[in-house]
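1. need coordinates for the below:
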Amino acid sequence: MAYLSYIVSIIAIVLAGIFAILQTLWAGFAYFVLAMLLLLSLFWAGWLIYKYFTDYKKELEERFKVYRIETINANQIFADDFDRDETAFRKEFSKKVLKEKIFKWCMIAFCFASGMAFLMGMIFYA
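-> As a prediction, the model looks like this:
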């Protein structure tokens, strides 16, 4: 499962390259190139969404545990005090990782935008 994204990407790029070369024989292969690139961009959008809701959420929980330990040590407070005000600390932690979350969603939006561009290319190709 770890290499699935690489395998799908390599296969789609190779097929798109082959269809691009075959376009010299028949102009209709341009649609196959655009379709492969559309599928590749939609695959990456789906893959990034899947990774966001599975691995990234787990990673954030692990990073919050580290943040908890660092905050307790830096502020010299007791763990009970941290646990009492955990919602405030979670909000502060969420502010720290907001830029990273926005960047991840911008990558997903870029994949969808690329897919739409390839779809528009298929529609308006003459």
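
2. so is the nearest residue to L4 once chain neighbours are set aside in a helix, a strand, or just coil?
-> Nearest non-adjacent residue to L4, counting by CB to CB, 6 or more residues apart in numbering: W47, 7.9 Å away. (C-beta placed from N, C-alpha, C; glycine too.) Judged by DSSP: H, G, I helix; E, B strand; the rest coil, the three-state class of W47 is helix.

3. kindly report the same for A2.
-> coil.

4. count the residues that sit near it.
-> Counted by other CB atoms under 10 Å, the residues lying close to A2 total 5.

5. strands of this protein, residue ranges please.
-> Using DSSP state E, the chain contains no strands.

6. could you list every helix and strand that the helix of greatest length in it packs against?
-> Taking DSSP state H as the criterion, the chain has its longest helix at helix 98-124. Counting contacts by 3 or more CB pairs under 8 Å, 6 or more residues apart in numbering; DSSP states H and E, helix 98-124 is packed against helix 29-51.

7. cool, thanks, signing off.
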